[in-house]
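1. Next input, structure requested:
(2 chains)
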Protein chains: 2
Amino acid sequence: MMMTHLLAELYGCKPSIEDEGVLAAAARAAAEEVGATVIGNYEVRYVPHGLTVAVFLAESHIVLTTWPEYRLTLLDVLLCNPDMDHSRVAARIKREICPDGRMVVHDVPRKIAEAP
Amino acid sequence: MMMTHLLAELYGCKPSIEDEGVLAAAARAAAEEVGATVIGNYEVRYVPHGLTVAVFLAESHIVLTTWPEYRLTLLDVLLCNPDMDHSRVAARIKREICPDGRMVVHDVPRKIAEAP
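-> Sure thing, here's the model as predicted:
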């Protein structure tokens, strides 16, 4: 089975990417939009600035790492259910935190199988 | 600034990838080997099998997602310190949980900057 791991850079994000609540809400809304189940989250605040917000799903995870000084968010979406559309997750998160910005997407194929 | 986000598939892992303690210890040992600082971790156990273990660092994160039924581990390493060698992290984790297996690495370049 092939899965796609989506990494994306979101440039020109809203200043609210300094708020872990805003990031977690965006990730949860995106997960719900594709029918994924949120089972937990974890937040890290860096010194002097920057956050990591990880939202854990029954289908794996969404991680946002922000560089507020650049208005930049690094996005990481892994959905271990091929019926769920990771690009919809990314688009929803962009709409929430980076509506007027630019997104650069890396779709990384990952082969789920016995040792080849 | 360019950073590298390393994703890797490790095939042919030890059966102990069903043990979250083994995974967390491998990630911590690998982080310490490159001088990164562990600040927390989070673990998810899936039904019927599989684990996600995320180790959060002052320099970002290491995430391991396992498919024990395939003896497969998906690895994700982001180090926001260009002096730290993410490939050493991957090699150490492979040695701990997948010494006789095979690793497929994806190095994804990520541009840390203002909106381009």
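
2. distance between the helix or strand harbouring A:K94 and the chain's centre?
-> Element membership for A:K94 (DSSP states H and E) is helix A:86-97. Relative to the centre of its chain, helix A:86-97 is centred 8 Å away, using CA atoms, centre = their mean, to the nearest Å.

3. ditto for stretch A:30-41
-> Between the mean C-alpha point of stretch A:30-41 and the mean C-alpha point of its chain there is a distance of 11 Å (CA atoms, centre = their mean).

4. How about stretch A:35-44?
-> From the chain centre to the centre of stretch A:35-44 is a distance of 11 Å (CA atoms, centre = their mean).

5. got the CA positions of the lengthiest helix in chain A in PDB?
-> Longest helix of chain A, by residue count under DSSP state H: helix A:20-33. Extracted in PDB, the C-alpha atoms of helix A:20-33 (Å, rounded to 0.1, in the frame of the first residue of the first chain):
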ATOM      1  CA  GLU A  20      -1.400  27.500  20.300                       C
ATOM      2  CA  GLY A  21      -5.200  27.600  20.700                       C
ATOM      3  CA  VAL A  22      -5.600  28.900  17.200                       C
ATOM      4  CA  LEU A  23      -3.300  26.300  15.800                       C
ATOM      5  CA  ALA A  24      -4.900  23.400  17.600                       C
ATOM      6  CA  ALA A  25      -8.400  24.600  16.500                       C
ATOM      7  CA  ALA A  26      -7.300  24.800  12.900                       C
ATOM      8  CA  ALA A  27      -5.800  21.300  13.000                       C
ATOM      9  CA  ARG A  28      -8.900  19.900  14.700                       C
ATOM     10  CA  ALA A  29     -11.300  21.600  12.200                       C
ATOM     11  CA  ALA A  30      -9.200  20.200   9.300                       C
ATOM     12  CA  ALA A  31      -9.200  16.700  10.800                       C
ATOM     13  CA  GLU A  32     -13.000  16.800  11.300                       C
ATOM     14  CA  GLU A  33     -13.500  18.000   7.800                       C
END
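
6. which strands and helices sit next to it?
-> Under the contact definition 3 or more CB pairs under 8 Å, 6 or more residues apart in numbering or on different chains; DSSP states H and E, helix A:20-33 sits against strand A:38-45, strand A:51-57, strand A:60-67, helix A:86-97. For glycine as for every other residue, the C-beta is placed from the backbone atoms N, C-alpha and C.

7. mind giving me JSON lines with those and columns for mean neighbour count, mean pLDDT and distance to B:L78?
-> Supplementary listing: those in JSON lines, determined by neighbours: other CB atoms under 10 Å in any protein chain shown; pLDDT from 0 to 100; distance: least, CB to CB, whole Å:
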{"stretch": "strand A:38-45", "mean neighbour count": "16", "mean pLDDT": "96", "distance to B:L78": "12"}
{"stretch": "strand A:51-57", "mean neighbour count": "24", "mean pLDDT": "97", "distance to B:L78": "9"}
{"stretch": "strand A:60-67", "mean neighbour count": "25", "mean pLDDT": "97", "distance to B:L78": "7"}
{"stretch": "helix A:86-97", "mean neighbour count": "20", "mean pLDDT": "98", "distance to B:L78": "17"}
